[in-house]
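Colleague: Return atomic coordinates for the entry below.
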Amino acid sequence: MYEESLSHYREAGDTRGIALTLGGLGTLYSDQGDYERAKQLYEEGLVIARKLGGPQLLGAFLNSLGHVSLLKGDPERAMALTEEAVTLLQEQGHRGGLEYALDNLGWAALLSGDHERAEVLHDQSLVLCKELGDRLIVSESLEGLACSAGIRGEGERAARLFGASEALREAIGYRQVFGEHALREPYLMAARTSIAGEVWETAWKEGREMTFEEAVSYALREDINI
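Modeller: Down below sits the predicted model:
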C-alpha cells in the first residue's frame, strides 16, 4: 500500500505526500527490524521536511531518524538528531512530539554514559506525557529510569519501574520490537542480579500492580506510599 502511494505521489509531484509516505514506510521497515532501509527512507523524508519547513513534520522525521539510530547502535547520531528536534519543538511551542524527542534523547544520553542527563530527560518526558496522556512514551521513559536506577544500584526501584513499564505496555497492547528490547536488556540483567531473586520478584510485582498515575508519581519520586 505504501509503495503504491509513494509512486502515486512521486508522479503527482506531491512533496508532502511523498514525505508522509516515506515516514510510514520507514516505520514499517523499522518495526520489521530492517533498520538500514528505515534509515534510508527517513533520511529522504528529512531532506523533504527541511525544504517544506514546519516544526511538526521536521520534528517527526528528526525523532524517527533519531530512534532508528538508537536501534542501529549509534547513540551519538541519535543525540544530535533528537537534540535538534527538542530545540525545534520547544522554540516553536509544539508539545506534541516533544515527549517522544525527550525520551529518545534520554536514551541516547543513557547509552552514551551520561546517566544524570538521561534521568533528567526521562523525568521531563514523563511530566509532559502525563499532561498529554501519552502512555506509550511513558512506558519507554519508565524503562529508561529503571535503567538509571539499576546503574545507581537501586535494584528494588529498578524492578518496580521495569514492572510498571511492562504492565503499561501490555495494557495498551504495545509490543516492543527486538531492537527496543535489546536496548534495555543489559541494564535489566545487571539490575536483576544486584539483589536477591525473591526481592526482585516482589518489587517487580509491586510495579506491575501500579496504576498509570502511581507509576508516574513513583518514577518522579513524588510522595506515594511505597
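
Colleague: what residues are up against Glu99?
Modeller: Counting by CB atoms under 8 Å, 6 or more residues apart in numbering, Glu99 makes contact with 125, 128-129, 132, 134, 137, 141. Any C-beta I mention is one placed from the backbone N, CA and C, and that applies to glycine too.

Colleague: let's see 10 Å
Modeller: 89, 124-132, 134, 136-138, 140-141 (CB atoms under 10 Å, 6 or more residues apart in numbering).

Colleague: Let me know the pLDDT of it.
Modeller: Predicted confidence (pLDDT) for Glu99: 95.

Colleague: Also Gly17?
Modeller: 91.

Colleague: That one: neighbour count?
Modeller: 15 (other CB atoms under 10 Å).

Colleague: before we move on, what about Ser69?
Modeller: Other residues close to Ser69 by other CB under 10 Å number 23.

Colleague: Skipping adjacent residues, who's closest to it in space?
Modeller: Ala78 (3.9 Å; CB to CB, 6 or more residues apart in numbering).

Colleague: In contact with that neighbour, which residues?
Modeller: Contacts of Ala78 (CB under 10 Å, 6+ apart): 63, 65-72, 104-105, 107-109, 111-112.

Colleague: Just give me the closest of these to Tyr9.
Modeller: Leu65 (20.0 Å; CB to CB).

Colleague: and the helix or strand hosting Glu99, how far from the chain's centre?
Modeller: Assigned by DSSP states H and E, Glu99 belongs to helix 98-111. Helix 98-111 sits 6 Å away from the centroid of its parent chain (CA atoms, centre = their mean, to the nearest Å).

Colleague: Using neighbour counts, pick out the buried residues of that helix.
Modeller: 98-111 (16 or more other CB atoms under 10 Å).

Colleague: in the chain, what spans have low per-residue confidence?
Modeller: Along the chain, the model assigns pLDDT under 70 to residues 223-226.

Colleague: Now Gly96. Its backbone dihedrals?
Modeller: phi -70, psi 120 (degrees, to the nearest 10).

Colleague: Provide a list of residues in contact with it.
Modeller: Gly96 is in contact with 55-56, 59-60, 89, 128, 132, 134, counting by CB under 10 Å, 6+ apart.

Colleague: List only those of those residues flagged as buried.
Modeller: Looks like those have 55, 59-60, 89, 128, 134 buried, using 16+ other CB under 10 Å.

Colleague: Closest one of those residues to Glu222?
Modeller: For the buried ones among the contacts of Gly96, the nearest to Glu222 is Leu128 (15.5 Å; CB to CB).

Colleague: just to revisit the earlier point, tabulate the CA atom coordinates of the helix holding Glu99 in CSV.
Modeller: Below are the C-alpha coordinates for helix 98-111, written out as CSV (Å, rounded to 0.1, in the frame of the first residue of the first chain):
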residue,chain,number,x,y,z
LEU,A,98,8.3,16.8,22.3
GLU,A,99,7.7,13.9,24.7
TYR,A,100,9.0,11.5,22.1
ALA,A,101,12.0,13.6,21.4
LEU,A,102,12.8,14.0,25.1
ASP,A,103,12.5,10.2,25.6
ASN,A,104,14.8,9.5,22.6
LEU,A,105,17.3,12.0,23.8
GLY,A,106,17.2,10.4,27.2
TRP,A,107,18.0,7.0,25.8
ALA,A,108,20.8,8.5,23.7
ALA,A,109,22.3,10.1,26.8
LEU,A,110,21.9,6.8,28.7
LEU,A,111,23.7,4.8,26.0
